Every structure is written in structure tokens, then in C-alpha cells.
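Asker: just the structure for this:
(chains A and B, ligands or ions: 2)
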Amino acid sequence: MNSTESHNSLLAALCTTACSNHHIRLLQTGESYECSSAESLLHGLCKIGRKGIPKGCLNGGCGICKVAIRHGHVKKIGAMSRAHISEQEEAQGVLLACRIAPVDDVEIDVIGLMVSAILRGKPPQHLQK
Amino acid sequence: MGIMRIGHISIKVMDIVAAVKHYEQVLGLKTTHTDAQGNVYLKCWDEWDKFSLILTPCDQAGLNHVAYKTEHDADLDSFQKRVEDYGISTQILPAESLPFVGRTLCFNLPSGHEMRIYAKKEYVGTDVGTMNPDPWPDDIRGSGVHWLDHCLLMCEMNPETGVNKVAENTKFMMEVLDFYMAEQIIVGPEKNIQAATWLFRSTTPHDIAFVAGPRQGLHHLAFYLDSWHDVLKAADIMGKNKVRIDVAPTRHGITRGETIYFFDPSGNRNETFAGLGYLAQPDRPVTTWSEEFLGRGIFYHTGELNAAFTEVYT
Ligand code: FES
Ligand SMILES: [Fe+2]
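Answerer: Ligands and ions are numbered 1, 2, ... in the order given. As a prediction, the model looks like this:
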């Protein structure tokens, strides 16, 4: 285990005591990660340490972090640009990962610009569950 | 003399309270006016006109328009004729269409971005005044930016269909609005595709830049700081305020600017930019960057261009 991993698990342990953690599954790759209800889905996704996950504006404006919620529930934690998420999409659970937090365990597909980054290369072995 | 400088930029924000707080506390602008629609007008301490930034509440982020200030009111008529003769339709908005601003020429660049030119805006003075002034005022907040310096607009380019709005905008700006080119990026197997340009009217390396992307948009708006140390201090202020930093302090090869990129609370990218780079003059030879040195041109130290830098914008 390298120092980043031990640091991450320490953070995860600290977080479990403070807030509720949920299991997020990326259907396209089978990867999953823990995400607390106090952080955005994108923030959690970035913590799995995969190369090439595009860090966008994190503020709901650029649209790069578009995901479709296939299962489970999320809550909105900030404004999302209508230039990227239409009302219809929002109703269907197509949302910006930087502006939603999990309410329970969630399954997602990444869509749009993030797809190539997510599908590029194999995820590290220890992350496949 | 025609166009003097960038006069203001109007951008869309999704949370007006958070946006005002960001531009006041992190950048250091001051609110000078709020209109009946809830649009907020701000200026930097070293600017003398009433405002340089307009924040408009909206359900999305991005650019409304960018405006340049020309020296004489009569310039507006000659520019209108030249723009129309070029084949672009224009409109003259009467004075006070925007508060404190005189009549304004309004049109879309070939890329689709709305551009405006005006000659008059209410004078309010800098925060240090004109009589025996101190070098800086005592009530500077945040990064204390001096002035709105430039903007970078993303323009559609698709080599397969032959669309290159960077080249179209550049030609228009130079032929019709008398801008000069400081630097350009040339790419492609034949080394003939103009993928980015930096243009000026003032004496700094750029008052506007165009970069190719999949769709039209606003890449960033940039504010001027004195020195590298001010850029570091700006980064400290972003740390204090938990601002999402995009690119930590570094130097551009292109323009030689010292820089930090970050996002406002709606995801519009900001830059604070230091160093005058060089004296930009109409007869200065154009600097060209080739595809192999593109990364070095953008981020001079690492030479690495991250994908998000060109893909993420509003
Ligand atoms: S990262 Fe920009 S909208 Fe989510
Ligand atoms: Fe810039």
C-alpha cells in the first residue's frame, strides 16, 4: 500500500465516523467507490485516483462531469447550467456529478466528454470489486 | 486612434450572491451599481470608468458580451460602416441601453460571440485619484486586481468540415477593427491551420485571444496584477476562500505572462495575470508557436497541456 492509499483510507475512516458513506458504482467499468453524503459524486470519483478523470470547474458551469443516475438517489447541492442539463434530462436523472451528493447507494453511467477518459485504460486492479 | 482597450465583459452567473462575493472578496473588485433586473456592475480599484464587469443572474454560466472602448464617438459610425461592408449586420443601441454607457455598436463576431464597441462610459475615477496619488489605496481586498486585462474566447474549429472560426475572427478583427497580432499557434500536417491567436490594440501582448475548440464559448476573463508575488498572494487568497484552482501559479510562453487560473462559483474561468510581457507595437514581428511547442507556449515550465484546460469552459 503506498502512502496515498493509506492516506485515503485514513480519510475514509475519519469520514465514516462523521458522515454517512454510500457505495457508488460506475456501470461502464464495474469500478466502485465510497462517497459521503457531504461530498459531490465527482469529488468521490476523483479520489479513486484514476488518471484522466477531467477535473472541470467543479461549480456546475462547464458540463464536463455529466452522469446518468441508473439506480439510487442523489440530492442537488448547487446550481447546474441549463446549457448542459435540460429540464427533461434533469427529470430523467441526467445530472452534473459536481453538483450532486449521494443519499443512498448509487449506480451511474458517465456520459458526454467524460466517457473517453473513463473508458481509456484499465482501472488499477485493487479498485475492481 | 480607434479602439483603446477592453472596456467591460458581461457574464452569466447562476448564484448572484456567491458571484458578487467571489469577485469582491477574492478578486477585489467593488460593486458600483445594481440595476432593477438584479444585474450587478463592478470595477477594479485602478480603473476610472464606472464598471468593467457585469454579472447577470441566469440559469447557466458563460458570456453575454464583451465590449471595447473606442476613443471618439464618431468611430462608432465608421466602424459600423466597415463591419456592415464586411458582411456582418450591426445595430446601434441608444445611450443608456446599459446604464452609464453611451450609444453602442453591437454585432456578432464570425464565431458567434457578441461584441460591442462604445466611446463613452461614466467617469468615476480610480481609488487613488489624480492629484498627488498614492501608489495603491488602503482598502484593497483579496487579490486587489488592477484592471480587467483581456478575455479568451473559444471558437469552433473542425478541420474536416473546413470550419475555422479562429482564423475568421482574426481576419475580421485585424481588417475591420484594426487589431494587431502579437502571437499565433499554427498546427496541422501542412502547418497552415491557425489554431489560436493573441491580438492587441493597447501596448500589452493581448486584449483578446481566440483558441480553437469543439464549440463556441468563454474560456476565461483575466485581471491584471503587478508582479509574480501578487500572483502567489492571489493563490493564497484562493486557498483561504476554498476557490477551485485550475492551474497553480506558472508562466505562459505565449505573452510571457505570469498566471493562475481558477473558477468563479458558476464555473466561469478567471485568470489573474502579471507582467507586461513585452511592449506590443504595430510593427512588432508576430511570434509563431508550432504544434510541437504548443504545450510549452501555454505552460512554459512543464510544457504539458492538460486536456481539461482546452475542454472545460463555459
Ligand atoms: S465540473 Fe464543471 S459542471 Fe461539473
Ligand atoms: Fe489569459
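
Asker: could you find the closest non-adjacent residue to the residue of chain A found nearest ligand 1?
Answerer: Using C-beta to the nearest ligand atom, the single residue of chain A nearest to ligand 1 is A:Gly56, 2.8 Å away. Where you see a C-beta, it was placed from the backbone N, CA and C, and this is true even at glycine. For A:Gly56, ignoring the flanking residues on the chain, the nearest one in space by C-beta to C-beta, 6 or more residues apart in numbering or on different chains is A:Ile64 at 3.9 Å.

Asker: B:Phe200 now?
Answerer: Taking C-beta to C-beta, 6+ apart, and ignoring the residues beside it in sequence, B:Phe200 has B:Ala280 as its nearest neighbour in space, at 4.5 Å.

Asker: would you check that the one you found makes contact with B:Leu199?
Answerer: No - using C-beta atoms under 8 Å, B:Ala280 is not in contact with B:Leu199; the gap is 9.5 Å.

Asker: now for B:Lys81, how many residues are close by?
Answerer: 12 (other C-beta atoms under 10 Å in any protein chain shown).

Asker: ok but it is inside a helix, no?
Answerer: Yes - the assignment for B:Lys81 by DSSP: H, G, I helix; E, B strand; the rest coil puts it in a helix.

Asker: distance of the residue in the stretch 1-150 of chain B positioned nearest to ligand 1 from B:Arg103?
Answerer: In the stretch 1-150 of chain B, no residue comes nearer to ligand 1 than B:Ala61, which is 8.6 Å away by C-beta to the nearest ligand atom. The span separating B:Ala61 from B:Arg103 equals 29 Å under the rule C-beta to C-beta, to the nearest Å.

Asker: these two: which is more packed in?
Answerer: Neighbours per residue (other C-beta under 10 Å) separate B:Ala61 from B:Arg103, with B:Ala61 holding more: 33 against 17.

Asker: ignoring the adjacent residues along the chain, who's closest to that one?
Answerer: Beyond its immediate neighbours in the sequence, the residue positioned closest to B:Ala61 (C-beta to C-beta, 6+ apart) is A:Gly61, lying 3.4 Å away.

Asker: residues in contact with that neighbour?
Answerer: With contacts defined as C-beta atoms under 8 Å, 6 or more residues apart in numbering or on different chains, A:Gly61 is in contact with A:81, B:14, B:60-62, B:263, B:266-268, B:314.

Asker: redo that, cut-off 10 Å
Answerer: Under the criterion of C-beta atoms under 10 Å, 6 or more residues apart in numbering or on different chains, the neighbours of A:Gly61 are A:79-81, A:83-84, A:96, A:98-99, B:12-14, B:60-62, B:218, B:263-269, B:312-314.

Asker: neighbours of the residue in chain B that chain A sits nearest to, just the number please.
Answerer: For chain B, the residue positioned closest to chain A under C-beta to the nearest C-beta is B:Gly267, at a distance of 2.0 Å. Neighbourhood size, B:Gly267 [other C-beta under 10 Å]: 32.

Asker: over to A:Gln92?
Answerer: The number of residues packed near A:Gln92 is 11, by other C-beta under 10 Å.

Asker: what helix or strand is the nearest residue to it once chain neighbours are set aside located in?
Answerer: The spatially closest residue to A:Gln92, leaving aside those adjacent along the chain, is A:Ala68, at 7.5 Å (C-beta to C-beta, 6+ apart). A:Ala68 is part of strand A:66-71 when elements are defined by DSSP states H and E.

Asker: briefly note if the helix or strand in which B:Met238 is found comes near ligand 2.
Answerer: B:Met238 belongs to helix B:228-240 when elements are defined using DSSP H and E. No - Helix B:228-240 lies out of reach of ligand 2 by C-beta under 5 Å from the ion, never closer than 12.4 Å.
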